[in-house]
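1. okay, structure incoming, though there's no sequence with it:
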């Protein structure tokens, strides 16, 4: 009996030492793993302290309010799409890359968007493509846009305000509009386009400039009939001057 106990203890000790050696060796060699191919539904790129810096995800695992990232709520109003989300050193979302596309009963709908946000705000730069076919008519636009955002904008505050406005919309749409304008005046909501380069929904290709209220003020473009044009507008959107002048 004593011999058996001594043998078992010795065997256990040897096994323990062997397992420890294998684990240590494995961790030393696992710093850089090489894969020929990998299937994954979502990848979180994190810093050593656990801060998420990037999320690469499929549609189902796209964060849209059901989970938190870096202890911050995610946007519950955002449609789930495959793509990437970017985060800064403080764990605040700073932009992303999303895309989709599928057929429907009237044709198809596809799109792509690469955005960069201002600090703790929404997008100030966007590369956007939309391709929509409906009843055998196809509309394609592809643009690079630069936007102004409210000076006091905050992502968490914006989500809070939007929930408040949605509740007001159900009860009193007019009151909701008044509340929206109030938040806009305070610099908490809003945002307008300032520069757009590319093809518009009207199939004009060119450079489009807007004032600080989002009204068009100048356009240099080639229209769908291949005519080059230069248009200027007043603050109400009325045409002031056009080149070349329209022949009567």
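-> Sure, I can see it. Worth saying up front: this structure is predicted, and the values here are computed from it rather than measured. Residues are numbered from 1 along each chain as shown.

2. please make it C-alpha for all contacts and neighbour counts, starting now.
-> OK.

3. tell me where this protein has helices.
-> 2-29, 155-171, 173-185 (DSSP state H).

4. can you pull up the bridge partners for the spatially most central residue of the chain?
-> Nearest to the geometric centre of the chain sits residue 96, at 3.8 Å (CA atoms, centre = their mean). Beta-bridge partners for residue 96, by DSSP bridges, are residue 85, residue 115.

5. per-residue confidence at it?
-> Looking at residue 96, its pLDDT reads 96.

6. how about residue 203?
-> 86.

7. tally of neighbours for it?
-> 17 (other CA atoms under 10 Å).

8. and the closest residue to it other than its chain neighbours, how far is that from residue 175?
-> Once flanking residues are discounted, residue 203 sits nearest to residue 224: 5.7 Å by CA to CA, 6 or more residues apart in numbering. Going from residue 224 to residue 175 by CA to CA, to the nearest Å gives 42 Å.

9. follow-up on the earlier one: pLDDT score for the residue nearest to residue 203?
-> At residue 224, pLDDT is 89.

10. I'd like the numbering to begin with 19 instead of 1 from here.
-> Taking 19 as the first residue, the last one we looked at is residue 242.

11. can you pull out the strands in this structure?
-> Counting by DSSP state E, the chain has strands at residues 60-64, 70-75, 86-87, 90-91, 100-105, 111-122, 125-135, 141-152, 155-166, 210-217, 223-228, 234-240, 246-251, 257-261.

12. quick one: contacts of the fifth one?
-> Just to be clear, that refers to strand 100-105. The contact list for strand 100-105 (CA atoms under 8 Å, 6 or more residues apart in numbering) reads 70-77, 80, 111-118.

13. for the second one, same thing?
-> Contacts of strand 70-75 from elsewhere in the structure, counted by CA under 8 Å, 6+ apart, are 59-65, 87-88, 100-107, 109.

14. thanks a lot, see you next time.
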